[in-house]
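Visitor: What would the 3D arrangement of this be:
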Amino acid sequence: MKHKFNLVLLLLVVFIPSIAFAQIGISPAKNNNKMSFRISPGNSTTTTIILLNATSIDITAHLYAADGTKTGTGQFAAKLPTEEQIAMGTWITFEEDYIDLLAKGDPGYKKEIQVTISVPENIPPGDYSGAIAVERSSEAEKKAVGSMGVQLKTRVIQPVYVNVPGDRDTILETGNLTHKVKGKSHYFDLELSNEGNTAIKADINTKIVGFWGLTTEELPINNIILYKDDKATVPIQWNKNPFFGFYNAEISIDYFEHDVLNNNTIFVDNIQRSLSFSIIPWLTIIVLLVLILILVALFIVKNNKFKKTLKSCKEYIVKPGDTIEKLAKDRNIPWKLLIKLNKLTPPYSLTPDQKIQLPPKNK
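Guide: Presented below is the predicted three-dimensional model:
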């Protein structure tokens with residue numbers, strides 16, 4: 001029977017004197033490929049995992065157990081060995097923690113390891129997540145990299161799930177819903193927490209609705225899994241950035257009780273959340289306001305200058321042969337100003353004895 005292995009490649013960048021590639025595979029044995037168990041308090045079960053050395057050198061693998069956790073974006077992860085382990089990280093034990101694996105191709109490059117999972121007496125019902133982690137031991141890493149190299153620690157994890165039977169409560173709660181703009185995209189962060197004792201599967205659909213009530217876009221995110229006491233911040237990304245508008249992010253969350261043993265789901269409830277946000281190009285608006293203020297200031301200056309010129313005018317009686325162009329030239333002023341001062345209309349003709357206003361001669 002062939003097994004699918006999770007392989008991790010340790011890749012060191014240039015300028016490192018010595019390069020080591022740390023590849024270790026881990027998989028469940030064929031008797032429980034899902035690594036999911038139902039164990040009552042005070043009982044235990046055993047299973048088998050397979051370790052594989054995919055490198056061309058002999059290595060020593062270090063096995064340890066860890067509680068399950070979530071990344072900041074809601075992905076499954078395992079606690080680090082330096083963190084406190086309060087559940088699965090203390091329930092899982094191995095027949096041996098350090099395993100020597102020969103180079104790939106040798107008979108000893110692959111080994112089966114017995115794993116025991118023991119649930120303490122006082123554990124409440126619920127679905128618990130954890131992991132079996134494997135990494136190259138520190139001493140082996142040092143030898144592989146060399147005294148002048150750089151040591152990078154890496155690990156491979158195999159998720160493990162335990163259902164402790166009893167009364168089941170499926171409770172999903174939402175926390176903060178925030179919005180931010182980064183580059184040309186909008187990001188909404190939605191906090192979720194499993195406050196019950198079952199595993200929860202959540203499907204999220206976000207509608208971006210304009211102020212006119214039309215749906216601009218739908219953003220589905222499905223199959224978010226939260227185990228007992230898990231918390232996650234789900235990122236929702238809208239890859240559009242309209243120039244201007246008022247919008248509402250309407251979020252619908254369908255959540256289900258997730259049977260980790262049989263991979264079945266039962267619908268529980270729907271939660272609705274919404275967040276209003278606006279897209280206002282403040283920089284553009286500020287620039288336009290500054291331009292408007294400049295134009296208003298120029299108009300005021302020009303209007304004040306015109307009033308001052310009008311006040312300085314004296315009455316003049318048109319003589320035969322006078323024209324707008326001739327009088328404007330004599331006064332060294334624009335002919336259009338003379339038209340404006342006297343509110344003349346096309347064709348701007350003058351008649352003898354007509355009274356008009358003339359400003360002083362412009363020096």
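
Visitor: So, low pLDDT: which residues of the stretch 251-363 of the chain?
Guide: 363 (pLDDT under 70).

Visitor: ok, now with 80
Guide: 280-282, 362-363 (pLDDT under 80).

Visitor: ok, which stretches of it are strands?
Guide: Under the criterion DSSP state E, counting those that start in this stretch, strands of the stretch 251-363 of the chain are mapped to 264-279, 314-317, 355-358.

Visitor: ok, and what's touching the second one?
Guide: Which is strand 314-317. 327, 353-358, 360 (CB atoms under 8 Å, 6 or more residues apart in numbering). (Glycine included, C-beta is placed from N, CA and C.)

Visitor: Compute the first-to-last residue distance for stretch 325-337.
Guide: End-to-end distance for stretch 325-337: 11 Å, by CA to CA, to the nearest Å.

Visitor: biggest helix in this protein by residues?
Guide: Of all the segments of type helix in the chain, defined by DSSP state H, the longest one is helix 282-311.

Visitor: Return the most buried member of the strands of the stretch 251-363 of the chain.
Guide: Most buried of the strands of the stretch 251-363 of the chain by mean neighbour count (mean count of other CB atoms under 10 Å) is strand 355-358; its value is a mean of 15.

Visitor: Mind listing the residues bridging to the most centrally placed residue in the chain?
Guide: By CA atoms, centre = their mean, the chain has its centre lying nearest to Pro235, at 4.6 Å. When bridges are called by DSSP bridges, Pro235 pairs up with Asp189.

Visitor: which ones are touching the residue of the chain most remote from its centre?
Guide: Seen from the C-alpha centroid of the chain, the residue lying at the greatest distance (CA atoms, centre = their mean) is Pro320, 82.8 Å away. Residues in contact with Pro320 (CB under 8 Å, 6+ apart) are Pro352.

Visitor: go with 10 Å
Guide: Applying CB atoms under 10 Å, 6 or more residues apart in numbering, we find Pro320 in contact with 350-353.

Visitor: picking that back up, report the separation between the residue nearest to the centre of the chain and Phe299.
Guide: Remark: distance between Pro235 and Phe299 (CB to CB, to the nearest Å) = 50 Å.

Visitor: ditto for Ser252
Guide: 53 Å.

Visitor: Which of the two has more residues huddled nearby?
Guide: Taking neighbours as other CB atoms under 10 Å, Ser252 and Phe299 compare with Ser252 leading, 16 against 10.

Visitor: related to what we said a few turns ago, of the strands of the stretch 251-363 of the chain, which is nearest Ile86?
Guide: Smallest distance to Ile86 across the strands of the stretch 251-363 of the chain (CB to CB): 26.3 Å, for strand 264-279.

Visitor: Counting by contacts, list what that closest one packs against.
Guide: Counting contacts by 3 or more CB pairs under 10 Å, 6 or more residues apart in numbering; DSSP states H and E, strand 264-279 is packed against strand 172-182, strand 185-194, strand 199-210, strand 245-259.

Visitor: Tell me the strands beside that strand, with direction?
Guide: When DSSP bridges is applied, strand 264-279 pairs with strand 245-259 (antiparallel).

Visitor: What residues of the strand it pairs with count as buried?
Guide: 247, 249-259 (16 or more other CB atoms under 10 Å).

Visitor: low pLDDT regions in the stretch 1-150 of the chain?
Guide: Ranges of the stretch 1-150 of the chain meeting pLDDT under 80: 1-23, 30-34, 72-74, 105, 107-108, 138-150.

Visitor: For it, just list every one of the helices.
Guide: Using DSSP state H, counting those that start in this stretch, the helices of the stretch 1-150 of the chain run over 88-91, 138-145.

Visitor: starting at the chain centroid, how far to stretch 40-48?
Guide: How far stretch 40-48 lies from its chain's middle: 39 Å, per CA atoms, centre = their mean, to the nearest Å.

Visitor: Correction: the previous question concerned stretch 82-97.
Guide: So, by CA atoms, centre = their mean, the centroid of stretch 82-97 is 32 Å from its chain's centroid.

Visitor: now swap in stretch 223-230 and tell me
Guide: Worked out by CA atoms, centre = their mean, stretch 223-230 lies 19 Å from the chain centre.

Visitor: just stretch 274-291 next, same as before
Guide: 23 Å.

Visitor: do the same with stretch 265-283
Guide: 15 Å.

Visitor: Can I get that stretch in CSV? Just the C-alpha atoms.
Guide: Taking Å, rounded to 0.1, in the frame of the first residue of the first chain, the C-alpha atoms of stretch 265-283 are listed here in CSV:
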residue,chain,number,x,y,z
THR,A,265,-22.1,18.0,8.8
ILE,A,266,-25.4,19.1,10.4
PHE,A,267,-26.7,22.6,9.8
VAL,A,268,-27.1,24.6,13.1
ASP,A,269,-27.8,28.2,12.4
ASN,A,270,-27.1,31.4,10.4
ILE,A,271,-25.5,34.5,11.7
GLN,A,272,-25.7,37.9,9.9
ARG,A,273,-23.2,40.7,10.3
SER,A,274,-22.8,44.0,8.4
LEU,A,275,-20.4,46.9,8.1
SER,A,276,-20.9,50.2,6.3
PHE,A,277,-17.9,51.9,4.7
SER,A,278,-17.3,54.7,2.4
ILE,A,279,-14.8,55.3,-0.4
ILE,A,280,-13.9,59.0,-0.5
PRO,A,281,-10.9,60.3,-2.4
TRP,A,282,-9.9,62.8,0.2
LEU,A,283,-6.6,63.8,-1.5
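
Visitor: most surrounded residue in the contacts of Pro320?
Guide: Leu350 (17 neighbours).

Visitor: Pull the contacting residues for Asn197.
Guide: 124-128, 163-164, 166-171, 227-229.
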